[in-house]
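Undergrad: Take a look and give me a structure for this.
(4 chains)
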Protein chains: 2
Amino acid sequence: MDDTAGEIRPGNDGKRRRVRADAQRNLDALLRAAMAVFATSGVDAPVREIADKAGVGIGTVYRHFPQRSDLIIAVFRQEVDACADAAPALAAAHDPGEALSRWMRRYLEFIAAKRGLGAALHSGDPAYEVLPDYFQKHLVPALQSLLDAAAAAGVVRAGFAAVDLLRAVAVLAAPSQELGPEHGRRMVDLLLDGLRYGAGPSAGA
Amino acid sequence: MDDTAGEIRPGNDGKRRRVRADAQRNLDALLRAAMAVFATSGVDAPVREIADKAGVGIGTVYRHFPQRSDLIIAVFRQEVDACADAAPALAAAHDPGEALSRWMRRYLEFIAAKRGLGAALHSGDPAYEVLPDYFQKHLVPALQSLLDAAAAAGVVRAGFAAVDLLRAVAVLAAPSQELGPEHGRRMVDLLLDGLRYGAGPSAGA
DNA sequence: ACATATACGGAACAATGTTCCGTTTTTCAA
DNA sequence: TTGAAAAACGGAACATTGTTCCGTATATGT
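TA: From the prediction side, this is the model:
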């Protein structure tokens, strides 16, 4: 092998080829198809189904997403971002306690829509280990700011980690599919009440 | 187990052949092997692995448990029973608040040992729908009595459904594998605090 | 000991994730 | 515009795992 230096292609002055148009098109189509299929059949839907829906071959799916889990992760990140962005907006529009409650509901809906993902998440497959990280890196700051604001206002106890709350709701939303939307709400409210337990004007500094 | 009595078959004078000894032996071996394998590799372990460990052929597994899920369910029930039986014992040995806390810990451990089952439970597979029923029929009364006693003692709010608490812990135990045993405990404590929120001498009636 | 019901074992089948590679398309530059 | 190379495509083929089938072996009752 004498082509060890990968950069010695003729006429390549650090100028790379553009991403091929069809590749980009297929990537988008896959992402959109996957989102739709996941929403309909859950994240356990066969890869072939997504490939068909996107109008591409299986090979193409695996070119863009070497593993099935990569596709799931990609779809997931988009929605995480959308949810995180909701926090500042709510904080600006409501008082701290209300903003916190509303964002928790928003988050609950987001999680509830991802049927089957919670299952995959806890299946032990190491591929999904990056997901909690992404979760936390994007959602924790969002929630933490709401939590801090609420604590400063004295409506919840201080010092409770956002990550724990996030986890709890994520995991509590799964059974809400079976028990109706009420269950998730009750659970979130219970957690929030737990937070309020050590707070209040009398508990403040 | 609860085979319907009086199966009328031609030439059957109500005198059935005994269950064959080897069949019973293999059934036991399968149950034991499955319990061990599930504990080691989670409930997603291949059926063949269990068959090997039990020293039987695949056909034998499917003779006793027509579906993979039937095996999981059978193993599961045994442990549910054991956990339910712990409640009266704890109630007799401790005050209501303590008994409740302890049982929740016991329950947490039980759930934590079933890695992957929570995932299967929420996978949408209808085969597992009987599991929550069994859960509830056996565990709800156990917890409810502890809950009622604690409420009567004024340490938790009254009227909270045992089933919700059970669910919450079951589902919160899964991530505890990844986040260490502390997480599960913190979550259980948070829920219990949520329960205490509306209780106490001042909140009675 | 024999006949029969019962159970056993594992090959074969089906579904699904993943890999491989010959073919097609796009891009770049002469 | 055109040709060659890089990049991407498609889908057959492979691997793993749940499940079915059926010929063979064994326990039971007479």
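Undergrad: continuing past the longest helix along chain A, what's the next helix or strand?
TA: The single longest helix within chain A, with elements called by DSSP state H, is helix A:68-93. Downstream of helix A:68-93, the first helix or strand assigned by DSSP states H and E is helix A:96-112.
Undergrad: So which elements touch that following helix?
TA: If contacts are counted by 3 or more Cβ pairs under 8 Å, 6 or more residues apart in numbering or on different chains; DSSP states H and E, helix A:96-112 sits against helix A:68-93, helix A:130-152, helix A:162-173, helix A:176-179, helix A:181-197. From N, CA and C alone the C-beta is placed, and that goes for glycine too.
Undergrad: so can I have a markdown table of these showing mean neighbour count and distance to DNA strand D?
TA: Formatted as a markdown table, the helices and strands packed on helix A:96-112 follow (neighbours: other Cβ atoms under 10 Å in any protein chain shown; distance: least, Cβ to the nearest atom of the strand, whole Å):
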| stretch | mean neighbour count | distance to DNA strand D |
| --- | --- | --- |
| helix A:68-93 | 17 | 13 |
| helix A:130-152 | 18 | 22 |
| helix A:162-173 | 22 | 24 |
| helix A:176-179 | 17 | 21 |
| helix A:181-197 | 19 | 28 |
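Undergrad: possible to save the ones you listed as a markdown table with mean pLDDT?
TA: Shown next, in a markdown table, are the helices and strands packed on helix A:96-112 (pLDDT from 0 to 100):
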| stretch | mean pLDDT |
| --- | --- |
| helix A:68-93 | 92 |
| helix A:130-152 | 90 |
| helix A:162-173 | 80 |
| helix A:176-179 | 60 |
| helix A:181-197 | 79 |
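Undergrad: Mind checking these for the one nearest to B:Ala112?
TA: helix A:162-173 (13.3 Å; Cβ to Cβ).
Undergrad: Just the pLDDT for the residue nearest to A:Arg68 when sequence neighbours are not counted.
TA: Leaving aside its sequence neighbours, A:Arg68 sits nearest to A:Val47 (Cβ to Cβ, 6 or more residues apart in numbering or on different chains; 5.6 Å). Looking at A:Val47, its pLDDT reads 97.
Undergrad: Next one: the spatially most central residue of chain A from DNA strand C, what distance?
TA: The centroid of chain A falls nearest to A:Val80 when counting by Cα atoms, centre = their mean (3.4 Å). Using Cβ to the nearest atom of the strand, to the nearest Å, A:Val80 is found at 21 Å from DNA strand C.
Undergrad: Equivalent analysis for A:Tyr62, please.
TA: In terms of Cβ to the nearest atom of the strand, A:Tyr62 sits 4 Å off from DNA strand C.
Undergrad: list the buried ones in the helix or strand hosting that residue?
TA: If you go by DSSP H and E, A:Tyr62 is part of helix A:58-64. Buried residues in helix A:58-64, defined by neighbour count with 16 or more other Cβ atoms under 10 Å in any protein chain shown: A:60-61, A:64.
Undergrad: Distance to DNA strand D for the residues you listed - can I get that in a markdown table?
TA: Formatted as a markdown table, these follow (distance: Cβ to the nearest atom of the strand, whole Å):
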| residue | distance to DNA strand D |
| --- | --- |
| A:Thr60 | 3 |
| A:Val61 | 8 |
| A:His64 | 6 |
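Undergrad: Looking at those, spot the one nearest chain B.
TA: A:Val61 (22.3 Å; Cβ to the nearest Cβ).
Undergrad: With adjacent residues omitted, what lies nearest to the closest one?
TA: A:Ala51 (4.9 Å).
Undergrad: Wait, that neighbour touches A:His64, no?
TA: No - under the criterion of Cβ atoms under 8 Å, A:Ala51 is not in contact with A:His64, lying 10.6 Å apart.
Undergrad: overlap in contacts of those two?
TA: A:Leu30 (Cβ atoms under 8 Å, 6 or more residues apart in numbering or on different chains).
Undergrad: picking that back up, packing partners for the longest helix of chain A?
TA: helix A:21-41, helix A:47-54, helix A:96-112, helix A:117-121, helix A:130-152.
Undergrad: touching DNA strand C at all, the shortest one?
TA: Which is helix A:117-121. No - Helix A:117-121 does not reach DNA strand C (Cβ under 7 Å from any atom of the strand); its nearest approach is 10.9 Å.
Undergrad: coming back round to it: just send the helices and strands packed on helix A:68-93 back as JSON lines, with distance to A:Val169 too.
TA: Listed next are the helices and strands packed on helix A:68-93 as JSON lines, based on distance: least, Cβ to Cβ, whole Å:
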{"stretch": "helix A:21-41", "distance to A:Val169": "20"}
{"stretch": "helix A:47-54", "distance to A:Val169": "28"}
{"stretch": "helix A:96-112", "distance to A:Val169": "6"}
{"stretch": "helix A:117-121", "distance to A:Val169": "11"}
{"stretch": "helix A:130-152", "distance to A:Val169": "10"}
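Undergrad: so which of those gets nearest B:Ala161?
TA: helix A:96-112 (19.1 Å).
Undergrad: Which residues does the closest one contact?
TA: Contact with helix A:96-112 is made by A:79, A:82-83, A:86-87, A:90-91, A:93-94, A:118, A:139, A:142-143, A:146-147, A:149-150, A:152-153, A:155-156, A:165-166, A:169-170, A:173-174, A:176-177, A:181, A:184-185, A:188, A:192, as judged by Cβ under 8 Å, 6+ apart.
Undergrad: if we can go back for a sec, if I read this right, the residue nearest to A:Arg68 contacts A:Val61, doesn't it?
TA: Yes - judged on Cβ under 8 Å, A:Val47 makes contact with A:Val61 at a distance of 5.8 Å.
Undergrad: For the residue lying closest to A:Phe76 once chain neighbours are set aside, give me its contacts.
TA: Leaving out its chain neighbours, the residue that sits closest to A:Phe76 by Cβ to Cβ, 6+ apart is A:Leu131, at 6.4 Å. Counting by Cβ under 8 Å, 6+ apart, A:Leu131 touches A:73, A:76, A:121.
Undergrad: Return the residues in contact with the second one.
TA: Residues touching A:Phe76, when contacts are defined by Cβ under 8 Å, 6+ apart, comprise A:114, A:117, A:131, A:134.
Undergrad: three-state assignment of A:Ala158?
TA: Secondary structure for A:Ala158, judged by DSSP: H, G, I helix; E, B strand; the rest coil, is coil.
Undergrad: where's it relative to A:Ala151, distance?
TA: Noted for A:Ala158: a distance of 4 Å to A:Ala151, by Cβ to Cβ, to the nearest Å.
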